[in-house]
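Asks: no FASTA, just this:
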Ligand SMILES: NCc1[nH]cc(CCC(=O)O)c1CC(=O)O
Ligand SMILES: [Mg+2]
């Protein structure tokens with residue numbers, strides 16, 4: 001059989017040569033089934049009734065590049081690694097047990113001390129060497145001006161110290177915002193008229209960031225969305241000699257419904273107003289409108305000019321277009337926050353058997369990387385790393 005004959009294998013019947021073609025095809029399939037497959041029209045083992053067609057004249061067949069797992073992995077464009085993950089940890093000190101968070105199955109407020117160490121040690125054993133610390137502040141320490149945020153011996157500061165003492169090479173990120181310490185449940189100081197004060201709040205955010213740097217933080221992350229806070233924090237850190245402490249800015253943080261479980265975890269949701277004080281029930285006067293895209297460019301330009309080292313988009317999956325936008329707008333690394341509500345959705349569907357959790361989660365992580373994120377903050381940090389390591 002020569003090449004010309006083989007090329008005819010699998011072609012649609014043409015009256016004159018139909019019989020000859022069948023014979024050739026049978027021989028070809030018997031001795032070299034791969035040849036028949038190469039022509040894209042194998043007749044081996046097709047269900048009866050499968051139409052016999054003329055192969056399409058298609059020089060470009062993208063399926064060729066998907067034909068084997070070996071080949072697919074060889075040409076994969078986006079890779080997820082535990083090195084990309086930043087693991088959020090909730091810390092409390094109301095007793096020595098971890099406390100489950102009802103709306104985040106599998107996630108706990110960790111008891112300050114060895115429970116925190118053990119959790120982080122487990123993360124590190126899977127290659128996750130970055131954490132971001134969120135303290136659960138007891139109600140009696142919350143005030144309208146949130147001074148606990150910069151208490152040098154506050155839970156946040158002690159947790160940072162504990163982590164850096166235990167794991168000197170761990171990258172410890174912090175959250176800079178007043179909400180966990182604010183009796184009004186806002187990221188900034190609320191005036192009696194219900195305005196979240198910008199410049200006054202920044203004064204305290206700077207103190208908070210410096211106190212975290214003094215405790216040993218590697219990266220401070222303002223999540224408050226006040227205007228100008230990145231530049232002010234940069235100057236405050238530099239003034240105190242912390243020129244090596246980085247700033248990861250929540251650059252495009254949207255006023256999202258997906259933060260609900262996080263606010264459960266820290267009891268940090270905006271509180272009801274009082275007779276003499278109007279407390280806004282939501283964060284829409286500082287967090288971005290979910291409808292806005294161009295505005296993210298404006299935020300990014302400001303943060304870059306003010307000295308941000310990393311820019312973040314939050315939430316994650318519903319905002320992949322914004323991740324891609326920042327990736328193309330700036331040379332800075334881009335982080336994305338796969339937030340508490342996104343975690344809760346996946347867990348809830350998985351618990352009901354409606355989604356394959358591992359596949360759905362790794363698909364989400366891959367999508368963040370494809371959209372252009374370098375860093376991924378995710379409560380799935382440990383589980384996803386186990387899956388990436390091939391564990392069940
Ligand atoms: N400023 C605090 C802060 N930092 C991170 C989150 C949300 C994270 C999550 O939902 O996982 C929030 C909550 C908020 O802005 O209300
Ligand atoms: Mg801004």
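Replies: Done, it's in. Given the structure is predicted, the values throughout are model-derived calculations rather than measurements. Ligands and ions are numbered 1, 2, ... in the order given.

Asks: which residues touch stretch 240-253?
Replies: Defining contact as C-beta atoms under 8 Å, 6 or more residues apart in numbering, one finds that stretch 240-253 is touched by 173, 210, 213-214, 217-225, 230, 233-234, 237, 287-288, 295-296, 299-300, 303, 307-314, 319, 322, 326, 335, 337, 375. All C-beta atoms are positioned from the backbone trio N, CA, C, and that covers glycine.

Asks: and the pLDDT for whichever residue of the stretch 51-200 of the chain sits closest to ligand 1?
Replies: The stretch 51-200 of the chain approaches ligand 1 most closely through residue 177 (3.7 Å), counting by C-beta to the nearest ligand atom. What the model reports as pLDDT for residue 177 is 98.

Asks: what's the answer for residue 18, then?
Replies: With respect to pLDDT, residue 18 has a value of 52.

Asks: again, but for residue 31
Replies: pLDDT, residue 31: 46.

Asks: and if you look at residue 282?
Replies: The per-residue pLDDT of residue 282 was computed as 95.

Asks: from ligand 1, how far out is it?
Replies: Using C-beta to the nearest ligand atom, to the nearest Å, we find residue 282 at a distance of 9 Å from ligand 1.

Asks: any weak-confidence spans in the stretch 1-150 of the chain?
Replies: 1-43 (pLDDT under 70).

Asks: where along it do the strands fall?
Replies: In the stretch 1-150 of the chain, the strands defined using DSSP state E, counting those that start in this stretch lie at 85-92, 99-100, 108-111, 130-135.

Asks: ok, now how distant is residue 370 from residue 245?
Replies: 31 Å (C-beta to C-beta, to the nearest Å).

Asks: more crowded one of those two?
Replies: Higher neighbour count among residue 370 and residue 245: residue 245, with 23 against 14, using other C-beta atoms under 10 Å.

Asks: just put the strands of the stretch 1-150 of the chain in TSV and tack on distance to residue 55 and mean neighbour count.
Replies: Output for the strands of the stretch 1-150 of the chain, formatted as TSV (distance: least, C-beta to C-beta, whole Å; neighbours: other C-beta atoms under 10 Å):
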stretch	distance to residue 55	mean neighbour count
strand 85-92	46	24
strand 99-100	59	14
strand 108-111	58	20
strand 130-135	51	24
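
Asks: in TSV: those strands, plus distance to residue 382.
Replies: Output for the strands of the stretch 1-150 of the chain, formatted as TSV (distance: least, C-beta to C-beta, whole Å):
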stretch	distance to residue 382
strand 85-92	7
strand 99-100	16
strand 108-111	12
strand 130-135	11
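
Asks: mind putting these into TSV with distance to ligand 1?
Replies: Output for those, formatted as TSV (distance: least, C-beta to the nearest ligand atom, whole Å):
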stretch	distance to ligand 1
strand 85-92	7
strand 99-100	16
strand 108-111	14
strand 130-135	7
